[in-house]
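[1] No letters, just coordinates:
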Ligand code: SAH
């Protein structure tokens, strides 16, 4: 066989037309059919590109100059967009973002799952796709003897020191980060120095209830003792009455992991509260809670619509977390069983059930792939199963347990179209049919794609 040489060489500058976009948001150019991935390029554009890496079947390039611009290109409104890397899609119109996400679901289902010809609805977006995040965790550093806060520059641990705000974060959280930093700075509290593992304040985390407007401040420190802590707390809480909880988390380790093991309430409540639809949630410093409640409501409404409950059904919610979906389902079902691997999440789930006076749910700690076969052996016969697994998708054992339980419907909530497609193939081969899929934009300006699929027994 003749050796095929790529049509491009490292370091050369070429003109490229972008025909597609990758899951990471890079433009895909084709040079005589050879794909070149170029960050910041948009489909429909032509640009001067410097080739920076050439592999056997593809290469990477750097965009030098756009020679023909897409109508969907927009000026990124964030002043640190190109340094930060937290967002990847600010340079494209929101319509294009929504289309891109839908196309991604469609192409994964086709390529990986061999599923075609079913309705994949247009992505449900946000009316205002900014300032949606209810939680921020931001590193603290020092520059010229002053405290600074900012996200890390892409692929480094260097704080972006001209980051004034994060425009996908709820404004109140941005303001609280500023307030904590200013007061701590004035009181002489030191930033954590990662290199020498000294100093005190590592991260500031702020979470606010979108409906309740309650705020929790979490100070993540290297040491338990922090000089002037009392003064910091009283200044903060006296100035900002919406702060309901101040918590310290102590992380003594040399690590990238943000939160340490020990958490203590310094002031106020252990929890703040928030609501999604009719359901209330108590959220502690370590609880998992969806970061975009507006879109979570739309996603869960769709999941509930797909579950099509009349009040007589037994439902399983696998990978239930703090019981968010379970509690939504319970309002319309006879009985809901939730399973989740993290014990703290299950205790939150139980508390949340009590808080809402919902008593037709039972929560279990364990691996869903082990608990489901056990439930089946106990004779549990679910009418509907809802799954919401992490990025790696469902365990194969769990998929087979579902097939054996023969529910009428499966509702699959997915944050990764590739593993969704893989798992749908297993379900299709086992006698189920994917009826429709609804993408929901949970994370505007980023490449994350979330969707919910309805799967019926044939
Ligand atoms: N449905 C929830 C959380 C979904 S995130 C919500 O919407 O809030 C996925 C969850 O799966 C996480 O809480 C994670 O801890 C859990 N998980 C991961 N692997 C698991 C497994 N093997 N068995 C059960 N739960 C698992």
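    It's in. Please read these numbers as outputs of a predicted model, since none were measured by experiment.

[2] Looking at the stretch 201-350 of the chain, what residue ends up closest to the ligand?
    residue 321 (2.7 Å; C-beta to the nearest ligand atom). Placement of C-beta: from N, CA and C, glycine included.

[3] mind checking pLDDT for that residue?
    Looking at residue 321, its pLDDT stands at 93.

[4] what do you get for residue 104?
    pLDDT for residue 104: 95.

[5] What about it, how many residues nearby?
    20 (other C-beta atoms under 10 Å).

[6] helices and strands around whichever strand or helix holds it, which ones?
    Using DSSP states H and E, residue 104 sits within helix 94-111. The contact analysis (3 or more C-beta pairs under 8 Å, 6 or more residues apart in numbering; DSSP states H and E) places helix 94-111 against helix 417-429, strand 432-440.

[7] Save those as JSON lines, and put in mean pLDDT too.
    Shown next, in JSON lines, are the helices and strands packed on helix 94-111 (pLDDT from 0 to 100):
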{"stretch": "helix 417-429", "mean pLDDT": "98"}
{"stretch": "strand 432-440", "mean pLDDT": "98"}
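
[8] Out of those, which is closest to residue 153?
    Across the helices and strands packed on helix 94-111, residue 153 has its closest neighbour in helix 417-429 (28.7 Å, C-beta to C-beta).

[9] For that closest one, which outside residues touch it?
    For helix 417-429, contacts defined as C-beta atoms under 8 Å, 6 or more residues apart in numbering pick out 104-105, 108-109, 111-115, 389, 391-394, 396, 399-400, 402-403, 410, 412, 414, 434, 449, 451, 453, 455.

[10] Which secondary structure state does the residue of the stretch 201-350 of the chain closest to the ligand sit in?
    Recorded secondary structure, residue 321: coil (DSSP: H, G, I helix; E, B strand; the rest coil).

[11] Pretty sure it sits against residue 349.
    Yes. Applying C-beta atoms under 8 Å, one finds residue 321 in contact with residue 349, separated by 7.3 Å.

[12] if you count what's nearby, which of the two comes out ahead?
    Between residue 321 and residue 349, residue 349 has the larger neighbour count (other C-beta under 10 Å), namely 27 against 22.

[13] Show me which parts of the helix or strand harbouring the more buried one are buried, residue by residue.
    Assigned by DSSP H and E, residue 349 belongs to helix 343-355. Burial within helix 343-355, assessed by neighbour count using 16 or more other C-beta atoms under 10 Å, is assigned to 345, 346, 348, 349, 350, 351, 352, 353.

[14] do stretch 6-22 as well
    Buried residues in stretch 6-22 (16+ other C-beta under 10 Å): 6, 8, 14, 16, 17, 18, 20, 21, 22.

[15] Over to stretch 234-247?
    Within stretch 234-247, the residues scored as buried using 16+ other C-beta under 10 Å are 235, 236, 237, 243, 244, 245, 246, 247.

[16] The fourth one pairs with what?
    The residues listed as beta-bridge partners of residue 243 by DSSP bridges are residue 215.

[17] Same question for the last one.
    Residue 247 forms beta bridges with residue 218, residue 265, as assigned by DSSP bridges.

[18] isn't it right next to residue 260, touching?
    No. Contact criterion C-beta under 8 Å: residue 247 and residue 260 do not qualify, at 12.0 Å.

[19] Please narrow the contacts of helix 417-429 to those residing in strands.
    Using DSSP state E, the subset of those located in strands is 410, 412, 414, 434, 451, 453, 455.

[20] pretty sure residue 124 contacts residue 297?
    No. Applying C-beta under 8 Å, one finds residue 124 not in contact with residue 297, separated by 10.6 Å.

[21] can you give me the helices for the stretch 151-300 of the chain?
    171-186, 229-239, 293-307 (DSSP state H, counting those that start in this stretch).

[22] hang on, the earlier thing: overlap in contacts, residue 321 and residue 349.
    By the contact definition C-beta under 8 Å, 6+ apart, residue 321 and residue 349 are jointly contacted by residue 340.

[23] where exactly do the strands run in the stretch 1-150 of the chain?
    Using DSSP state E, counting those that start in this stretch, the strands found in the stretch 1-150 of the chain span residues 13-21, 27-31, 34-38, 46-54, 59-68, 135-143, 146-149.

[24] of all these, which lies closest to the ligand?
    Using C-beta to the nearest ligand atom, the nearest of the strands of the stretch 1-150 of the chain to the ligand is strand 135-143, at 13.3 Å.

[25] For residue 74, the count of nearby residues, please.
    Applying other C-beta under 10 Å, we find 15 residues neighbouring residue 74.

[26] Spatially nearest residue to it (excluding sequence neighbours)?
    Of all residues beyond its chain neighbours, the one nearest residue 74 is residue 93 (5.4 Å), with distances taken as C-beta to C-beta, 6 or more residues apart in numbering.

[27] And residue 32, by the same measure?
    In space, residue 32 is closest to residue 7, 4.4 Å off (C-beta to C-beta, 6+ apart).

[28] so who does that neighbour touch?
    Residues in contact with residue 7 (C-beta under 8 Å, 6+ apart) are 31, 32, 34.

[29] how far away is it from the ligand?
    As judged by C-beta to the nearest ligand atom, to the nearest Å, residue 7 and the ligand stand 43 Å apart.
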